[in-house]
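Chemist: can't give you the sequence, but here's the structure:
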């Protein structure tokens, strides 16, 4: 062999030897050094974790009566993994099951399909290894047929499970406050900062109302099951499991009977308004609260049965809930509906005038109309009622008195600032008083859904003009219709706070809007001497063992900047509103000697439509405990619609005029109901009301 060939052969041997050493080293590394990590990875591939949802806590009223609880029902579930292992893929079994459940095969298939991109409800958002509930509250005979014929229904189970139960009729009458449950989505896990471990799509979580607000406390802690599966995905056993911990019980300040009565009274008032020739009266709200910030009842009309969320909601039901064609029942009009308050607003205008040095005695003239900055503003009557004090102006609800007062304050309140194009313009004196009463921002109730209303400060007006300027300039016409002329003027000077705007704002119209809850909270502050609270529905959280975990109290957030004598002066005037003023007709024959009501009527006119009827009241006038506010849009005058409704609510509270007293002796429960470790619930000690 020639030397050159020998050298090449040696090099080839060396290369082959090096490759064999490298391969051997790599095999040794994989089989020896990384055995633990690969064994762990292989093990992980053979297990699946399934979340076990906890029993959700109950929601109780002030006497311990359940509003939302859990009932044990027979639930039929389908295990996709086991069903799909049959020869025909489970088609025959699913057809038999659909027929047994009186359900279409298509719907059954939809319920057990997994929710992925492009798949609409109904579908399953949980783990594919979790049995999927397809029917709740099945008859016992159907459940027995499934359990006794497992050869016919392999992979199908019928077991007793706790499901959310809405106690009627109070739950329907309080549906918007209670909220509802739905499986959580991955997006919500991130938004709510929930831990990925211990929480998944199979958990039902609060999506609105108290269910959302107190979701963390109500839902408890999920358990887990670690399942072993083979390469085909078939479950072969249970490796480990942890028990779920039940959620806390939420005790609220709501009273079930008062909630039902309040809703029924509101519904009757709206239907009566329709019968009186006001077909636009299709919705409304009523609020009953203590003067210390606790909500006792809060009704929003129309409402719906929240149990429709159980087991998934259909597209038809979804459209009915959220669509305007059926009145949008999902909307809580007590906390989200924004309406002009009308003359109930005059208490803030009076407070602003008195706080800024104007005389309570006056006299102030009350003509049938006044002219301000070349515009005529009419009173509710064409008669001249003569000179009067603020007391009489409130009793008779004289608009022209407040027009003139607002104009005088307008002229002496940084007049030049009204015409500046300035996003930092100073707030007006009268609007500063309105904001101090809690208007113009969220009331801070323990609900996720609430609206701030609107107070037309100079700054608010500037941003409002910036928002709509383009539209006004596009559609405005100085020679067009009335609305086109207004749009033309707004395009050029919509940022200016004008004398006319100041005048109509003083009687609760124009740009002024409030929610019924905001108005109730303001009247509670007037009644209690000036303390403004963040309202609360929740009263306490009680653990499954029966221990009080947390007491929930309304928080003081401010005090009205009004002298005590001025608040007393306004309260005295509101007493006379009921005895001899604009509310006297609505309360004719009412036993005022037993319970003295103080109130203010409101009629907020709407351009081209019927007025919003408003009534705000508190009682007993000498030592106020409760506030009742009713607002019904497009229904008529406050004394004709909302006033009689409020009267019926007061009858229910105190047991007057043939009603059963919700609060015997006029006293709401002051103690919590007792929740024992075995689940038994008893009324608060000493409670004598209905339960």
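Modeler: Alright, I've got the coordinates. Here the structure is a predicted model, which means the values were calculated and not measured.

Chemist: worst-scoring helix or strand of this protein, pLDDT-wise?
Modeler: When the helices and strands of the chain are scored by mean pLDDT, DSSP states H and E, helix 35-45 comes last with a mean of 58.

Chemist: so what's residue 272 up against?
Modeler: Listed by CB atoms under 8 Å, 6 or more residues apart in numbering, the contact set of residue 272 reads residue 641. Glycine gets a C-beta too; all of them are placed from N, C-alpha and C.

Chemist: and what about it, helix, strand or coil?
Modeler: helix (DSSP: H, G, I helix; E, B strand; the rest coil).

Chemist: pLDDT score assigned to it?
Modeler: At residue 272, the model reports a pLDDT of 94.

Chemist: gap between it and residue 653?
Modeler: With the distance defined as CB to CB, to the nearest Å, residue 272 ends up 21 Å from residue 653.

Chemist: ok, residue 326 next?
Modeler: Note on residue 326: its distance to residue 653, by CB to CB, is 31 Å.

Chemist: ditto for residue 448
Modeler: Distance from residue 448 to residue 653, by CB to CB: 28 Å.

Chemist: and those two? Which one has more around it.
Modeler: For residue 448 and residue 653, the more surrounded residue by other CB atoms under 10 Å is residue 653, and the numbers stand at 25 against 16.

Chemist: now for that one: which residues touch it?
Modeler: Counting by CB under 8 Å, 6+ apart, residue 653 makes contact with 258, 288, 626, 628, 661-663, 666.

Chemist: what's the farthest-apart pair in those residues?
Modeler: The most widely separated members of the contacts of residue 653, counting by CB to CB, are 628 and 661 (15.2 Å).

Chemist: where does this protein dip in pLDDT?
Modeler: Where the chain drops to pLDDT under 70, the residues are 1-5, 29-45, 48-51, 125-127, 184-203, 230-236, 311-312, 607-608, 690-691.

Chemist: which secondary structure elements does the helix ranked longest in it contact?
Modeler: Scanning the chain for the longest helix, with DSSP state H as the assignment, gives helix 3-28. Here helix 3-28 touches no other helix or strand, going by 3 or more CB pairs under 8 Å, 6 or more residues apart in numbering; DSSP states H and E.

Chemist: show me what the longest strand seen in the chain is packed up against.
Modeler: Longest strand in the chain, counting residues (DSSP state E): strand 66-78. Packed against strand 66-78 by the contact rule (3+ CB pairs under 8 Å, 6+ apart) you find strand 59-60, helix 91-100, strand 132-136, helix 140-148, strand 156-166, helix 170-173.

Chemist: how far out from the middle of the chain is the following helix or strand past it?
Modeler: Downstream of strand 66-78, the first helix or strand assigned by DSSP states H and E is helix 80-83. Centre-to-centre, helix 80-83 and its host chain are 40 Å apart (CA atoms, centre = their mean, to the nearest Å).

Chemist: now do stretch 489-501
Modeler: Worked out by CA atoms, centre = their mean, stretch 489-501 lies 35 Å from the chain centre.

Chemist: which residues sit against it?
Modeler: With CB under 8 Å, 6+ apart, stretch 489-501 has contacts from 372-373, 375, 377, 407, 410, 417-419, 421, 428, 456, 458, 461-462, 464-466, 468-469, 472-473, 476, 510-511.

Chemist: what sits against the residue nearest to residue 632 when sequence neighbours are not counted?
Modeler: With sequence-adjacent residues excluded and distances taken as CB to CB, 6 or more residues apart in numbering, residue 632 is closest to residue 284, at 3.7 Å. Each residue near residue 284 by CB under 8 Å, 6+ apart is listed here: 266, 269-270, 300-301, 333, 630-633, 635, 642.

Chemist: out of those residues, which comes closest to residue 146?
Modeler: Out of the contacts of residue 284, the member with the shortest distance to residue 146 (by CB to CB) is residue 300, at 40.9 Å.

Chemist: name the SS class of that closest one, please.
Modeler: Look at residue 300: counting by three-state DSSP, its state is strand.

Chemist: what of residue 177?
Modeler: The three-state assignment at residue 177 reads helix, by three-state DSSP.

Chemist: so it touches residue 447, yeah?
Modeler: Yes - using CB atoms under 8 Å, residue 177 is in contact with residue 447, at 6.7 Å.

Chemist: now do the shared contacts for the two.
Modeler: Contacts common to residue 177 and residue 447, judged by CB under 8 Å, 6+ apart, are 209-210, 332, 537.
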